[in-house]
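1. Sequence plus predicted model, see below.
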Amino acid sequence: MSSEAILQIIFAIIILNYLVDLLSGLLNYNSFNNKLPYNVNDIYNQNEYDKSQQYKKENFKFNLITSTFSFIILNIVLYNGYFGTLDSIVRNYTFENEISPSILFFFSIYFINDFISIPFQLYRVFVIEEKYGFNNMTIGTFIFDKIKGYFLTIIMGLLLLVPVLILILLYPQNFWIYAWILLSLFMIFLNMFYTSLIVPLFNKLTPLEDGDLKKSLNEYASNVGFSLSNIFVINGSKRSNKANAFFTGFGKNKKIVLYDTLIKNHTVPELVAVLAHEVGHYKLKHIISNLFVSIITTGLMLFLMSKILFTSEVSYALGGNVSFRHLEILAFFILYTPISRAINILTFIKSRKNEYEADNFAVTTYKKSPMVSALKKLSRDNLTNLTPHPLFEFINYSHPSLSKRLESIDNNH
């Protein structure tokens, strides 16, 4: 296949992906004013509901602007062969080998893209989130987060990118097998130690203090045979008033993390119900199965990548003068978009099923009423969309909409 044909396919994929997002987003926007389902019509008073509607609409319009801007910039870059131009530039500042130009090329793309997006990030945080009472971040925190994020990206990028590039050079036909093993081990490591190593770089984690909440949580954990030695509170309020909870790791390294905003806004029974939901994910093997899916899909991605690398026409399609691995890798990820999207949709289907199962576990092993009230309160406090369009939900939601979760709880209990 000629480089011109490959470039046309790349353009077609980018345009189709943009149109799918645009169509589903517009359908979702038009569903904002739909009548609330019967089981969630008591969440907001009129003022709160009006505020949630304004928040959703403002976010949609802002996301439309940012996605359209990115779409236009990417098309301009591809049409003019600027990726090839960037490749020529970085080669003037690197050693005469295959690895250092690739590293500088990918880091350059990352930093250029992030610098361009900073005004949009600032607007989202300090205008939209501030306007609706969510933002607690200062400019200083924003800048410091950026600096730490850049250093983390460089370190993690070097730890993964350099070995993969070396494997490509040493084993051009079978590199994907060795890279698969490497990335799989990294995913397992990150799953086990993310809360211990990465989260503390940005947030303070403290063990849950003694008191009624800890006592109630321990009593529930004991009843379901769950070791609760690692439960932490994260100072999420440092950046946002939105609440959340999450579970990471497995075995002795499993940890449950509750946002301080969650603890502040919920009763003890509601917090026990939230814990029960997270324990459900662990007990029902969702953590392991999700990790297994990630490993399998990574293997598929690397295998398909091995079929495109060392194809000079792919490099030429992006404006390169000769065949280089980084240009081929970049082109592959664009060409892989439809497959990646299909995998994401399937992953979201599984994730939504897991959420129903964890809700059911929480209600079965604890109580229905605090689980329902906790879900409603979370939705109200975070101004979530209560009437998502089915197509938008199908494509983008890792959790079912609140109405569907409550309906599932009612049907099973």
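-> Alright, I've got the coordinates.
2. And residue 51, how far from residue 326?
-> 46 Å (C-beta to C-beta, to the nearest Å). Where you see a C-beta, it was placed from the backbone N, CA and C, and this is true even at glycine.
3. Neighbour count for those two, which is higher?
-> residue 326 (25 against 16; other C-beta atoms under 10 Å).
4. so which helix or strand takes in residue 43?
-> Applying DSSP states H and E as the criterion places residue 43 outside every helix and strand.
5. Tell me who's in contact with it.
-> 376, 379-380, 386, 402 (C-beta atoms under 8 Å, 6 or more residues apart in numbering).
6. Just name the closest of these to residue 195, please.
-> residue 379 (25.2 Å; C-beta to C-beta).
7. got a list of what the closest one touches?
-> So residue 379 contacts 40, 43, 386, 402 (C-beta under 8 Å, 6+ apart).
8. Assign a three-state SS to the third one, would you?
-> Which is residue 386. Following DSSP: H, G, I helix; E, B strand; the rest coil, residue 386 is assigned to coil.
9. Can you verify my assumption that it contacts residue 40?
-> Yes - Residue 386 is within contact range of residue 40, at 5.0 Å (criterion: C-beta atoms under 8 Å).
10. For those two, list the residues in contact with both.
-> 379, 402-403.
11. I figured residue 401 hits residue 389, correct?
-> No - taking contacts as C-beta under 8 Å, residue 401 lies outside contact range of residue 389: 10.1 Å.
12. for the stretch 301-413 of the chain, which spans come out with low pLDDT?
-> Within the stretch 301-413 of the chain, the ranges that satisfy pLDDT under 70 run 322-324.
13. Packing partners of the helix or strand encompassing residue 155?
-> Here residue 155 is covered by helix 139-170, with elements defined by DSSP H and E. Other elements packing on helix 139-170 under the criterion 3 or more C-beta pairs under 8 Å, 6 or more residues apart in numbering; DSSP states H and E are helix 99-123, helix 175-197.
14. Same list, those helices, but as CSV with distance to residue 346, mean neighbour count and mean pLDDT please.
-> Output for the helices and strands packed on helix 139-170, formatted as CSV (distance: least, C-beta to C-beta, whole Å; neighbours: other C-beta atoms under 10 Å; pLDDT from 0 to 100):
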stretch, distance to residue 346, mean neighbour count, mean pLDDT
helix 99-123, 27, 15, 93
helix 175-197, 18, 17, 90
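15. In CSV: those helices, plus distance to residue 239.
-> Output for the helices and strands packed on helix 139-170, formatted as CSV (distance: least, C-beta to C-beta, whole Å):
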stretch, distance to residue 239
helix 99-123, 13
helix 175-197, 17
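16. Of those helices, which is nearest residue 271?
-> Short answer: helix 175-197, nearest of these by C-beta to C-beta, at 18.6 Å.
17. could you point out which element follows that closest one?
-> According to DSSP H and E, the helix or strand after helix 175-197 is strand 205-207.
18. Give the buried residues for the helix or strand following that next one.
-> Once the chain leaves strand 205-207, the next helix or strand it forms, by DSSP H and E, is helix 212-223. Buried residues in helix 212-223, counted by 16 or more other C-beta atoms under 10 Å: 213, 217-218, 220-221.
19. Just the closest of those to residue 276, please.
-> Minimum distance to residue 276 across the buried residues of helix 212-223 is 6.3 Å, recorded for residue 220 (C-beta to C-beta).
20. Apart from its chain neighbours, what residue comes closest to that closest one?
-> Spatial nearest neighbour of residue 220, chain neighbours left out: residue 272 (5.2 Å); criterion: C-beta to C-beta, 6 or more residues apart in numbering.
21. what sits up against stretch 44-60?
-> 25, 28-29, 32-33, 128, 131-132, 380, 383-386.
22. tell me the mean pLDDT for the helix holding residue 155?
-> The average of the pLDDT scores along helix 139-170 is 92.
23. and the contacts of residue 43, which of them are in strands?
-> Secondary structure from DSSP state E places none of those in strands.
24. who touches the residue nearest the centre of the chain in this structure?
-> Geometric centre of the chain, nearest residue: residue 398, 9.6 Å, by C-alpha atoms, centre = their mean. Going by C-beta under 8 Å, 6+ apart, residue 398 touches 347-348, 351-352, 355.
25. Return the distance of the nearest residue to residue 159 once chain neighbours are set aside relative to residue 343.
-> Nearest non-adjacent residue to residue 159, counting by C-beta to C-beta, 6+ apart: residue 186, 7.9 Å away. Remark: distance between residue 186 and residue 343 (C-beta to C-beta) = 19 Å.
26. So residue 363 versus residue 39, what's the distance?
-> For residue 363 relative to residue 39 (C-beta to C-beta), the value is 15 Å.
27. Check the protein for its longest helix and report it.
-> helix 46-79 (DSSP state H).
28. Kindly provide the whole-number mean pLDDT of that one.
-> 93.
29. Name the next helix or strand downstream of it, please.
-> helix 82-90.
30. and stretch 391-410, how far from the chain's centre?
-> Between the centre of stretch 391-410 and the centre of its chain there are 18 Å (C-alpha atoms, centre = their mean, to the nearest Å).
31. Just the endpoints, please. Distance across it?
-> 24 Å (C-alpha to C-alpha, to the nearest Å).
32. buried ones in that stretch?
-> Quick answer for stretch 391-410 (16+ other C-beta under 10 Å): 392-393, 395, 397, 400-409.
33. Also stretch 257-270?
-> 257-263, 265-266, 268-270.
34. Among the residues you listed, which ones are in strands?
-> 257-259.
35. coming back round to it: buried residues, the longest helix of the chain. List them.
-> Of the residues in helix 46-79, 49, 51-53, 55-56, 59-60, 66, 70-71, 74, 77-78 count as buried by neighbour count, 16+ other C-beta under 10 Å.
36. before we move on, back to that, ok, and for the helix holding residue 155, which residues are buried?
-> So, applying 16+ other C-beta under 10 Å, buried residues of helix 139-170: 142, 161, 164-165, 167-168.
37. where's the nearest residue to residue 269 once chain neighbours are set aside, which helix or strand?
-> Spatial nearest neighbour of residue 269, chain neighbours left out: residue 370 (3.8 Å); criterion: C-beta to C-beta, 6+ apart. Residue 370 belongs to helix 368-382 when assigned by DSSP H and E.
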